[in-house]
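Engineer: This is a predicted model, with the sequence first.
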Amino acid sequence: MNKLLLTPLLLAFSMAAHAAEMTSGEVRKIDAGAKKITIKHGEIKNLDMPPMTMVFQVKDAALLNKAKAGDKVQFSVERTAEGAFVVTDIQPGK
Ligand SMILES: [Cu+2]
(Lines give C-alpha, C1' and ligand atoms only; values in the text may rest on other atoms or scores of the structure.)
Protein backbone atom coordinates (compact mmCIF):
# COMPACT_ATOMS: atom_id res chain seq x y z
CA MET A 1 0.00 0.00 0.00
CA ASN A 2 1.38 3.41 -0.84
CA LYS A 3 2.09 6.04 1.80
CA LEU A 4 -0.57 8.46 0.63
CA LEU A 5 -3.26 5.90 1.43
CA LEU A 6 -1.71 4.54 4.59
CA THR A 7 -1.30 7.84 6.45
CA PRO A 8 -4.99 8.81 6.62
CA LEU A 9 -5.87 5.23 7.54
CA LEU A 10 -3.50 5.25 10.50
CA LEU A 11 -4.76 8.65 11.56
CA ALA A 12 -8.38 7.48 11.48
CA PHE A 13 -7.46 4.39 13.48
CA SER A 14 -5.66 6.32 16.21
CA MET A 15 -8.55 8.79 16.54
CA ALA A 16 -11.06 5.95 16.89
CA ALA A 17 -8.92 4.27 19.53
CA HIS A 18 -8.71 7.53 21.45
CA ALA A 19 -12.47 8.10 21.40
CA ALA A 20 -13.13 4.57 22.64
CA GLU A 21 -10.82 4.80 25.63
CA MET A 22 -12.61 3.48 28.71
CA THR A 23 -11.95 4.27 32.36
CA SER A 24 -12.72 1.96 35.31
CA GLY A 25 -14.97 3.21 38.05
CA GLU A 26 -17.55 2.43 40.68
CA VAL A 27 -20.90 4.20 40.67
CA ARG A 28 -21.60 6.06 43.91
CA LYS A 29 -24.81 7.90 43.09
CA ILE A 30 -27.18 8.52 40.20
CA ASP A 31 -29.30 11.64 39.82
CA ALA A 32 -31.55 10.91 36.84
CA GLY A 33 -33.47 14.20 37.16
CA ALA A 34 -30.29 16.25 36.82
CA LYS A 35 -28.67 13.81 34.31
CA LYS A 36 -25.70 13.39 36.67
CA ILE A 37 -23.72 10.44 37.96
CA THR A 38 -21.17 10.28 40.75
CA ILE A 39 -18.32 7.88 40.00
CA LYS A 40 -15.29 6.87 42.01
CA HIS A 41 -12.96 6.60 39.03
CA GLY A 42 -9.47 5.37 38.26
CA GLU A 43 -6.98 7.40 36.24
CA ILE A 44 -8.66 8.98 33.19
CA LYS A 45 -5.85 8.84 30.65
CA ASN A 46 -7.48 10.86 27.87
CA LEU A 47 -8.15 13.74 30.31
CA ASP A 48 -4.91 13.34 32.29
CA MET A 49 -6.96 13.11 35.50
CA PRO A 50 -5.86 11.19 38.60
CA PRO A 51 -8.21 8.80 40.45
CA MET A 52 -10.96 10.49 42.49
CA THR A 53 -14.67 10.53 43.23
CA MET A 54 -16.56 13.17 41.27
CA VAL A 55 -19.84 14.10 39.60
CA PHE A 56 -20.20 13.83 35.83
CA GLN A 57 -22.90 14.97 33.47
CA VAL A 58 -24.19 12.33 31.07
CA LYS A 59 -24.60 12.90 27.35
CA ASP A 60 -27.87 10.93 27.28
CA ALA A 61 -30.14 10.24 30.30
CA ALA A 62 -30.64 6.68 28.97
CA LEU A 63 -27.04 5.92 29.97
CA LEU A 64 -28.15 6.13 33.59
CA ASN A 65 -30.33 3.03 33.08
CA LYS A 66 -27.19 1.00 32.40
CA ALA A 67 -25.85 1.24 35.95
CA LYS A 68 -26.86 1.73 39.56
CA ALA A 69 -25.10 2.80 42.75
CA GLY A 70 -22.47 0.24 43.76
CA ASP A 71 -21.91 -1.10 40.22
CA LYS A 72 -18.43 -1.42 38.82
CA VAL A 73 -18.37 0.11 35.35
CA GLN A 74 -16.18 1.02 32.42
CA PHE A 75 -17.04 4.44 31.04
CA SER A 76 -15.96 6.99 28.46
CA VAL A 77 -15.76 10.66 29.33
CA GLU A 78 -15.03 13.81 27.35
CA ARG A 79 -14.35 17.38 28.33
CA THR A 80 -16.64 19.86 26.56
CA ALA A 81 -15.52 23.23 25.20
CA GLU A 82 -17.10 24.78 28.33
CA GLY A 83 -14.93 22.59 30.56
CA ALA A 84 -17.69 20.24 31.75
CA PHE A 85 -17.01 16.52 32.02
CA VAL A 86 -19.58 14.47 30.15
CA VAL A 87 -19.93 10.69 30.23
CA THR A 88 -20.58 9.41 26.72
CA ASP A 89 -20.76 5.64 27.35
CA ILE A 90 -21.19 3.26 30.28
CA GLN A 91 -20.53 -0.49 30.17
CA PRO A 92 -20.60 -3.12 32.92
CA GLY A 93 -17.16 -3.39 34.57
CA LYS A 94 -15.29 -6.37 35.97
CU1 LIG B 1 -12.11 13.10 38.33
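Structural biologist: Perfect, I can see it now. Computed from a predicted structure; not experimentally measured.
Engineer: which SS class is residue 46?
Structural biologist: Secondary structure for residue 46, judged by DSSP: H, G, I helix; E, B strand; the rest coil, is helix.
Engineer: actually residue 4, not the one I typed
Structural biologist: Per three-state DSSP, residue 4 ends up helix.
Engineer: Show me which residues of the protein are close to the ion?
Structural biologist: 49, 52, 54 (CB under 5 Å from the ion). C-beta here means a position set from N, CA and C on the backbone, and glycine is covered the same way.
Engineer: So which of the residues you listed are in strands?
Structural biologist: 52, 54 (DSSP state E).
Engineer: ok, of the residues of the chain next to the ion, which come out buried?
Structural biologist: residue 49 (16 or more other CB atoms under 10 Å).
Engineer: For the protein, which segments count as helices?
Structural biologist: 3-19 (DSSP state H).
Engineer: pull the helix or strand with minimum mean pLDDT from it.
Structural biologist: Lowest by mean pLDDT, DSSP states H and E among the helices and strands of the chain is helix 3-19, with a mean of 63.
Engineer: measure stretch 61-68 end to end?
Structural biologist: End-to-end distance for stretch 61-68, by CA to CA, to the nearest Å: 13 Å.
Engineer: From the chain's centre, how far out is it? Work that out for me.
Structural biologist: 13 Å (CA atoms, centre = their mean, to the nearest Å).
Engineer: buried set for it?
Structural biologist: Buried residues in stretch 61-68 (16+ other CB under 10 Å): 63-64, 67.
Engineer: One more: stretch 22-34?
Structural biologist: 22-28, 30.
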